[in-house]
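> Here's a sequence, model it:
(chains A and B)
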There are 2 protein chains.
Amino acid sequence: MHPMIDPKASVESIAKGLPASPGAAVGKVVFSAADAEKAAAKGEKVILVRPETSPEDIGGMDAAQGILTARGGMTSHAAVVARGMGKPCVAGCTDLNVDEKKKSFWIGSHTVKEGESITLNGTTGEVILGEVPLVQPEMTGDFNTIMKWADEFRDLGIRANADTPVDARNALKFGAEGIGLVRTEHMFFDAERVQAVREMILADNEKGRRRALKKILPMQRKDFIEIFKVMDGLPVTIRLLDPPLHEFLPKTDAELRVIARELGVTFKKLQARNKALHEFNPMLGHRGCRLAITYPEIYEIQVQAIMEAACQVTKKKIKAIPEIMIPLIADVNELTVLRKMTIRIATSVEEKYKVKIPYDVGTMIEIARAALLAHEIAPEADFYSFGTNDLTQTLYGLSRDDAGRFLPYYVEQGIFEEDPFMTIDQKGVGLLMKMAIDSSRKIKKDMKMGICGEQVDPKSVEFCYLVGLTYVSGSPFRLPVARLAAAQATLRKKKPKKFAEYSIA
Amino acid sequence: MHPMIDPKASVESIAKGLPASPGAAVGKVVFSAADAEKAAAKGEKVILVRPETSPEDIGGMDAAQGILTARGGMTSHAAVVARGMGKPCVAGCTDLNVDEKKKSFWIGSHTVKEGESITLNGTTGEVILGEVPLVQPEMTGDFNTIMKWADEFRDLGIRANADTPVDARNALKFGAEGIGLVRTEHMFFDAERVQAVREMILADNEKGRRRALKKILPMQRKDFIEIFKVMDGLPVTIRLLDPPLHEFLPKTDAELRVIARELGVTFKKLQARNKALHEFNPMLGHRGCRLAITYPEIYEIQVQAIMEAACQVTKKKIKAIPEIMIPLIADVNELTVLRKMTIRIATSVEEKYKVKIPYDVGTMIEIARAALLAHEIAPEADFYSFGTNDLTQTLYGLSRDDAGRFLPYYVEQGIFEEDPFMTIDQKGVGLLMKMAIDSSRKIKKDMKMGICGEQVDPKSVEFCYLVGLTYVSGSPFRLPVARLAAAQATLRKKKPKKFAEYSIA
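Predicted structure coming up:
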């Protein structure tokens, strides 16, 4: 569903980075967000090239056709924001050397100056010199007819991952029956808000954190109001804050100095805080519900914003169905504590507005231990969403951002049948999912369960149907294929593969 | 079994770092390995204080009573080397600011200059001003009698983790019946050898890597010869190279410049290589068997060194029983490839020496997926060793090095019953181990299986006995307690806890 490079064009790439957001883009290179916005305002098509992106770059990213970064992985700021925008992005291109002062970059013997054209293939991670012809996707009448047929046959729900009202509208256009994942951190990365987030991070105590969070509350509430309006009557799964706090601080001393000035704190203090937040393995660190266990006020404010938004739109006859989702649960006790907190805040908002909201509290199943012990978690969760990206990462002990050095070789050599980040590893991840589904359904027969990873390829969709998930959720652009796959799966109605070793007692 | 702070002493700590290696140490602070060695040669007791340690510091670490670092986690160079040496270490003390030039450090308002005394409590991570009285452990006649009694009753094997001949002798003293884990990377960190390792890392192709590895071969062979001599007739489990390659390069540009000069390469080349090796989540990155799949020559040379050592000592009537262990297996295909390679090299060495060695090829079970799919792995493995540290990290999605920010709070609040890095999480990690053991034993009834994590506390030892492991392996200093716990477990002979959800088909 993205523009792609004309298969007839002959293409020679000069470097390969991570395929951080699919689709192809052509444009003249610019080296700052401001330049991207200026050029776009004049109607020029540009590619934003940065060492890495930060929240300040969002305007420029939005203005650009595509984004190219030297640093950052599949979950870096550039990658995540670009995927949300449906914009091609090549991230972590280690061969790329950016000279921001001279407004040029070099890759090996090739030097490219501002205003010269390049092409990005975000599907493969390739960087190509010059302009390559693209072909645009078409959604014709035939397409719509086929989609209608597919929807008549399938009995697997289809939702979209969407972080903004724009995303949500896109999701509906592509046939989503709800939002399976709103990542609230995107709302924190916005240039205006990230300031308040940084104030929170720098606060010495709960009071200071609450003061900063209060500034974010009305902004988040407004986001949710907009999303509920678009999704009127459809469920919206909202994941509370997930990334580690250091992701909201810049990396270099120079950038830290700017931020320190803006926040009115000493550079030394900011630097010390940044140092204290550093993690060896951020993927396995102080993030998700672990943040909320230590700083409950973060999730409290988020729940308040969600529920106030729901109450406000309800008064305007709009039906909000929030599903509040707690990420990174490894043990039921984490969920027990945070569910209690969520219900306490939600009830107090409902009482204040004198409105009843049909909200649910559930959790991501994305840590291998949570899947293994799902039977303990089920009583505390109204729904599950399998986060197949993180579940794959923890089950394999494999960082998606770092696997580029060996994973392609593994697939080439047949050591892994397929890249488990492209299609669900049915043998391992799938077995664990099936164990979790079966053991939980024994406790709650009709429990709502979906996936919100990025594996919504036809094979994974069929698998999700066969193991009995309620819905799959993916990027809006991938939904048509998922709808078709879901219909085909229903028509085939094969029994799920038998797993050899474990029968669920 | 370590010296500890006199429980009667009143102690006020000025900072807390990671409890990287247990026991207490008192000494005058020094700020370089050279100063530590000089002072120790004069009979002075010193504490080596460093921003972080690197292979060049090993002499100084050995000379010091204890080690204190500002950076680095529980598996940092300082932590791992100190534990191997049985030397107290506080690592990653983020409040510690080291001024190497002025030869002083400051923590909050306290400044400590070279020659002033401090006390470290490596068991708790505390840093204490001045000299605190210590009490020494005693191994008296009574102790030996109790140990003898324990050994008569227990039927769980006891092995030690030991990386050097000195460690191995220590292991025997503490009652080890074999070595459960030799970490070969320690042999690479030695100052003299790390140079060759760096040459290997910088090599542009296989030929260059082989040239560098050839320099390491005789040194590794000599290490193994010494260990086999000490362990004559007892099994020695040798884990092939595990850490990611970037651990062998220093972190700062200044250090890189020195290394570049030593290796005769340009700083730019070394810096580029260092940058290319950088990982976002090294714990989940290009390490263990993943290195050997992409660069088979690394393990080939290691297997050659092990087998040549075994053949050489055999000719001197010493019985070598090497168990060659492949780390970080996530899928049986990795083991299939590397087992084949191991047998090929081993056979060619046996033929060359005309000697038969009773060697085994097995694997660590430390990735959650390997444990879940153990029934696929069993046919390719002569033995398993459960790496409970990494298994805990991957199953929980929890980095031990980063968990310090929230894990103590989790335990305090009862969210986790206990720190899963201190005692095996029986509910999650234990369940997965039991599934792996049962499914594999159905295929190979008497398969040798042990653990080599750091959880050899009495509760974990009892668990290992009840689920049917062959042996436990831990730090030599912890073996007496493990022997006692194993005897008690046998005497109690309770049935293993029933796991609620999964019966093994």
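> how about A:P235, phi and psi?
phi -70, psi 150 (degrees, to the nearest 10).
> Show me what it bridges to in the sheet.
Taking DSSP bridges, one obtains A:I321 as the residues bridged to A:P235.
> report the longest helix in chain A, please.
Determined from DSSP state H, the single longest helix within chain A is helix A:206-230.
> That helix near chain B anywhere?
No: using CB under 8 Å from any CB of the partner chain, we find that helix A:206-230 stays clear of chain B, coming within 13.8 Å at best. No exception for glycine: its C-beta is placed from N, CA and C like everyone else's.
> For that helix, buried residues please.
A:209-210, A:212-213, A:215-217, A:220-221, A:223-228, A:230 (16 or more other CB atoms under 10 Å in any protein chain shown).
> What is the nearest of those residues to chain B?
A:R209 (15.1 Å; CB to the nearest CB).
> Now do the contacts for A:D151.
Contact analysis of A:D151 by CB atoms under 8 Å, 6 or more residues apart in numbering or on different chains lists A:G175, A:R483, A:A487.
> any idea which element the closest residue to chain B within the stretch 51-200 of chain A lies in?
In the stretch 51-200 of chain A, the residue found nearest to chain B is A:G73; the distance is 5.1 Å by CB to the nearest CB. Counting by DSSP states H and E, there is no helix or strand that carries A:G73.
> what about it, distance to A:V182?
22 Å (CB to CB, to the nearest Å).
> if you count what's nearby, which of those two comes out ahead?
A direct count of neighbours by other CB atoms under 10 Å in any protein chain shown for A:G73 and A:V182 places A:V182 higher, at 28 against 23.
> Give the closest residue to A:Q304 in space, chain neighbours not counted.
Spatial nearest neighbour of A:Q304, excluding adjacent residues (CB to CB, 6 or more residues apart in numbering or on different chains): A:I345 at 5.5 Å.
> Surely A:V127 and A:A91 touch.
No: if you go by CB atoms under 8 Å, A:V127 and A:A91 don't touch, sitting 11.2 Å apart.
> more neighbours, these two?
Neighbour count, other CB under 10 Å: between A:V127 and A:A91, A:A91 has more, with 30 against 25.
> how close does the closest residue to A:S54 other than its chain neighbours get to A:A70?
Sequence neighbours aside, A:P250 is the residue nearest to A:S54 in space, at 5.5 Å (criterion: CB to CB, 6+ apart). According to CB to CB, A:P250 stands 15 Å off from A:A70.
> shaky segments in chain A?
Chain A contains residues with pLDDT under 70 at A:1, A:84, A:494-505.
> just checking, what packs against the longest helix of chain A?
With contacts taken as 3 or more CB pairs under 8 Å, 6 or more residues apart in numbering or on different chains; DSSP states H and E, helix A:206-230 sits against helix A:165-173, helix A:185-189, helix A:191-202, strand A:235-239, helix A:296-315.
> Report the contact partners of A:V98.
A:F31, A:V49, A:R50, A:P51, A:A70, A:F105.
> so what strands line up beside the host helix or strand of it?
Using DSSP H and E, A:V98 maps to strand A:97-99. Sheet pairing of strand A:97-99 (DSSP bridges) gives strand A:104-107 (antiparallel).
> quick revisit: looking at the buried residues of helix A:206-230, which is nearest A:V132?
Of all these, A:V132 sits closest to A:V230, with 35.1 Å by CB to CB.
> Find the nearest non-adjacent residue to the closest one, please.
A:A168 (4.2 Å).
> With A:Q455 as the reference, measure out to the one you found.
22 Å.
> Got the domain ranges for chain A?
A:4-135, A:157-365 (automatic domain parsing).
> Using TSV, lay out those together with distance to B:K113.
What follows is those, written out as TSV (distance: least, CB to CB, whole Å):
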stretch	distance to B:K113
domain A:4-135	40
domain A:157-365	22
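> and of the ones you listed, who's closest to B:A196?
domain A:4-135 (25.6 Å).
> Tell me where the stretch 301-450 of chain A has helices.
A:332-353, A:368-372, A:374-377, A:388-396, A:407-412, A:431-441 (DSSP state H, counting those that start in this stretch).
> The second one packs against which elements?
If I follow you right, that is helix A:368-372. Partner elements for helix A:368-372 (3+ CB pairs under 8 Å, 6+ apart): helix A:388-396, helix A:431-441, helix B:388-396.
> The first one packs against which elements?
The helices and strands touching helix A:388-396, judged by 3+ CB pairs under 8 Å, 6+ apart, are helix A:368-372, helix A:431-441, helix B:368-372, helix B:388-396.
> centre of the chain versus it, how much separation?
Computed by CA atoms, centre = their mean, to the nearest Å, the chain-centroid distance of helix A:388-396 equals 15 Å.
> hmm, who's touching that helix?
With CB under 8 Å, 6+ apart as the criterion, helix A:388-396 contacts A:283-284, A:328, A:364-368, A:371, A:398-400, A:420-421, A:424-425, A:428-429, A:432-433, A:451-455, A:460, B:284, B:330, B:367-369, B:372, B:394-397.
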